[in-house]
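Engineer: Build me a model:
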Amino acid sequence: MGMLAVRDLKPKQLHELSAVVWTQELPPQSCVLDGIQISSGCTLGKGNIGVRGSRRTKARFRRGNQTLVIGTTEKAETLLSGVSAGLHSLELEQLALSLYRMPDRELFTTSVGKERSR
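Structural biologist: Numbering: from 1, shown residues only. Predicted coordinates:
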């Protein structure tokens, strides 16, 4: 999600991008926060990321007046639910590899917008 946001919104400075992430509060879904912090530069320490509890995982990234909302597809949610089903380590590794190899369009939904002046 963070890599898509950086690719599409093209921040040029460290604090130029911010994010709000909606996710479950427990792993594996909450691990999306680690990935977003690493890939986007939006971190809890810098204060440019917020977290909200939700059953579905999505993130809204903002750069200036541009926004990008990225959600997970049903297919991705189904695969992620398998992580918490107590898989054997080999099965878990295979699941992680299949997620890694999937094209972005199979993992994520996106919508782009502009913020209105207040």
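Engineer: which other residues reach the worst-scoring helix or strand of the chain on mean pLDDT?
Structural biologist: When the helices and strands of the chain are scored by mean pLDDT, DSSP states H and E, helix 74-83 comes last with a mean of 81. Residues from elsewhere that reach helix 74-83 (C-beta atoms under 8 Å, 6 or more residues apart in numbering): 27-29, 56-57, 72, 92, 95, 98-99, 102, 106-108. Backbone N, C-alpha and C define where each C-beta goes, glycine included.
Engineer: swap the cut-off to 6 Å and go again
Structural biologist: Pro28, Leu95, Leu99, Glu106, Leu107 (C-beta atoms under 6 Å, 6 or more residues apart in numbering).
Engineer: pLDDT wise, what is the first one at?
Structural biologist: The per-residue pLDDT reported for Pro28 equals 78.
Engineer: and Ser39, what is it in contact with?
Structural biologist: Gly2, Met3.
Engineer: and what of Trp22?
Structural biologist: Arg52, Ser54, Lys58.
Engineer: go with 10 Å
Structural biologist: When contacts are counted by C-beta atoms under 10 Å, 6 or more residues apart in numbering, Trp22 touches 29, 32, 50-60, 69, 71.
Engineer: for the residues you listed, which one is nearest Ala19?
Structural biologist: Ala59 (5.5 Å; C-beta to C-beta).
Engineer: Pretty sure the closest one sits in a strand.
Structural biologist: Yes. Counting by DSSP: H, G, I helix; E, B strand; the rest coil, Ala59 is part of a strand.
Engineer: isn't it right next to Leu17, touching?
Structural biologist: No. With contacts counted by C-beta atoms under 10 Å, Ala59 stays clear of Leu17, the gap being 11.1 Å.
Engineer: Now do the one helix or strand Thr110 maps to and helix 74-83, the angle between them.
Structural biologist: Element membership of Thr110, judged by DSSP states H and E, is strand 108-114. Here the directions of strand 108-114 and helix 74-83 differ by 130 degrees (axes from the mean of the first three to the mean of the last three C-alpha atoms, to 10 degrees).
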